[in-house]
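Student: Structure here, sequence nowhere to be found:
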């Protein structure tokens, strides 16, 4: 079976978004063009940042109704990332709180995409 391995986020300014994510991830993008930037991770996942003003961009949708989530080992790691991202000036939509699945928080990228950090579901 084919497994998903690329997440695309639609952004206004790929260079600005790439700079934001480079600070968050501690790694440079593997590709950077005026209308697209991409990151590759050790687990095989790719993150693409595609400009909404690109000539070949087509989307009838609007709004942010999804999250890019980072599942970490435990509550201490959730808190460590919250503190680290806070020191980088990352804006937050939701401070750390305990949900049914454990400790979690939600940060926002420059385009308002929701970035959730939490412990694994199981």
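Tutor: Received it, and whenever you're ready, just let me know what you need. None of these values were measured; they are calculated from a predicted model.
Student: Show me what residue 104 bridges to in the sheet.
Tutor: Beta-bridge partners recorded for residue 104 (DSSP bridges): residue 97, residue 118.
Student: ok, now residue 50?
Tutor: For residue 50, the beta-bridge partners are residue 10, residue 36 (DSSP bridges).
Student: Report the separation between it and residue 38.
Tutor: Distance of residue 50 to residue 38, computed by CB to CB, to the nearest Å: 9 Å. Where you see a C-beta, it was placed from the backbone N, CA and C, and this is true even at glycine.
Student: Sketch out the low-pLDDT regions of the protein for me.
Tutor: Scanning the chain for pLDDT under 70 picks out the ranges 1, 64, 122.
Student: just the strands in it please.
Tutor: 6-11, 31-33, 36-40, 46-51, 67-71, 92-99, 102-108, 114-118 (DSSP state E).
Student: Mean neighbour count and distance to residue 19 for those strands - can I get that in CSV?
Tutor: Converted to CSV, these look like this (neighbours: other CB atoms under 10 Å; distance: least, CB to CB, whole Å):
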stretch, mean neighbour count, distance to residue 19
strand 6-11, 16, 11
strand 31-33, 14, 10
strand 36-40, 20, 9
strand 46-51, 20, 10
strand 67-71, 14, 17
strand 92-99, 12, 19
strand 102-108, 19, 15
strand 114-118, 19, 15
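Student: JSON lines for the ones you listed, including distance to residue 78?
Tutor: Output for the strands of the chain, formatted as JSON lines (distance: least, CB to CB, whole Å):
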{"stretch": "strand 6-11", "distance to residue 78": "21"}
{"stretch": "strand 31-33", "distance to residue 78": "30"}
{"stretch": "strand 36-40", "distance to residue 78": "22"}
{"stretch": "strand 46-51", "distance to residue 78": "20"}
{"stretch": "strand 67-71", "distance to residue 78": "9"}
{"stretch": "strand 92-99", "distance to residue 78": "7"}
{"stretch": "strand 102-108", "distance to residue 78": "5"}
{"stretch": "strand 114-118", "distance to residue 78": "5"}
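Student: Please name whichever of those strands is nearest to residue 60.
Tutor: Proximity to residue 60 (CB to CB) singles out strand 6-11 among those, at 11.8 Å.
Student: so what secondary structure elements neighbour that closest one?
Tutor: Using 3 or more CB pairs under 8 Å, 6 or more residues apart in numbering; DSSP states H and E, the elements in contact with strand 6-11 are strand 46-51.
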